[in-house]
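Undergrad: Predicted structure and sequence below. I'll ask about it afterward.
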Amino acid sequence: MAKFRICPHCGHRNSPNKIQCEICEEDLISVRVTEETAEKSAPPVPAPEPEARRIRICENCGMHNRPNERKCSQCGEDISDILPVAENGPGSQEPTPVMLLPRRYMLSSFQGDLLYEIPEGETVLGREAALSDYLRERLYVGRRQARLCLEDDRLSIGNLRATNETFVNNRRLGDQMTELHEGDEIGLGGNSVSGKRQDLAAYFRVVRK
C-alpha cells in the first residue's frame, strides 16, 4: 500500500517523510499522508483539488514569501512569527511597491559604550574631530586620525597619521582609501597583538542598521 503526501499547490505525490514539495517547494507539514491500494480493481483515488498557495507577507515591505521562509527575500526582515495566509485570501493583496532605504552605517565600540551613525559625505575621526569626547583620553589616537567617506551607500576609510596609524581587520592602511564592509574592525592608533588590544587606542566594528 503506497503512502504519499500530495502537494496542495502542484498536485505532485511526495514521499510521506517529505515536509517540502520536491517540485514547487510548497510546505507539506500540515498535509495528511494519503494511502493508495495496489489492487487493480480499486477505482483510482482522485487527487484533491489544489488548495490556495500559502504565503508569508512581510510587514515591512509587503513582499509575498514562501510559507517556509524565515526572512523576507526582498528586505531581509525577520518574518518567522508571521502566520502564512492563502495567496488570494484576506490580507494577501498584491504588495505595494516601496522604495527601500539603504541601511545606515554605524561604528560600534568594542566596549559597547558608543554607537555612532556615520553621516553622508566626509567625516574626520580624531581627538579634535568627530568623536572627540569619546577619543579624548585615547592618547594613541591622533587629533586627526582617519577620514571616513560615505557616498552612494559605500563606505571607505583613509589614514591621516604617520605614527600610530589606522588599521582595518588588524592590517595597516596604505596610502589609498579602503572600502569598509559590515563586520570590519577599525583600530584607531593601534592594532591587536595575540588578540589583545591596546588600552590607549580605540577600536570599532562597522555595523549596519
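TA: Sure, I can see it.
Undergrad: Quick one: end-to-end length of stretch 126-139, please.
TA: One end of stretch 126-139 sits 10 Å from the other (C-alpha to C-alpha, to the nearest Å).
Undergrad: In the chain, where is pLDDT below threshold?
TA: 1, 36-52, 88-102 (pLDDT under 70).
Undergrad: how does it divide up, domain by domain?
TA: Domains of the chain are assigned by automatic domain parsing as 1-51, 52-100, 105-208.
Undergrad: In CSV, list the C-alpha atoms belonging to the helix or strand hosting Arg56.
TA: In this assignment (DSSP states H and E), Arg56 forms part of strand 54-57. The C-alpha coordinates for strand 54-57 follow below in CSV (Å, rounded to 0.1, in the frame of the first residue of the first chain):
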residue,chain,number,x,y,z
ARG,A,54,0.1,29.8,1.2
ILE,A,55,2.5,32.7,1.7
ARG,A,56,4.1,34.8,4.4
ILE,A,57,3.6,38.5,3.8
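Undergrad: Determine how far it lies from the middle of the whole chain.
TA: Distance of strand 54-57 from its chain centroid, counting by C-alpha atoms, centre = their mean, to the nearest Å, is 20 Å.
Undergrad: can you pull out the helices in the protein?
TA: 132-135 (DSSP state H).
Undergrad: wait, what's in contact with the spatially most central residue of it?
TA: Nearest to the geometric centre of the chain sits Gly76, at 5.4 Å (C-alpha atoms, centre = their mean). Taking C-beta atoms under 8 Å, 6 or more residues apart in numbering, we find Gly76 in contact with no residue. For every residue, glycine as well, the C-beta is placed using N, CA and C.
Undergrad: just to revisit the earlier point, contacting residues around the strand holding Arg56?
TA: 26-27, 63-67, 69, 79, 82-87, 91-92, 95.
Undergrad: Narrow those to those in strands?
TA: His64, Asn65, Val85, Ala86 (DSSP state E).
Undergrad: What are the neighbouring residues in contact with the second one?
TA: Right, the one you point to is Asn65. For Asn65, the contacting residues are Ile55, Arg56, Ile57, Cys58, Cys72, Ser73, Ile79, by C-beta under 8 Å, 6+ apart.
Undergrad: just Asn14 next, same as before
TA: Asn14 touches Phe4, Arg5, Ile6, Cys7, Cys21, Glu22, Leu28, counting by C-beta under 8 Å, 6+ apart.
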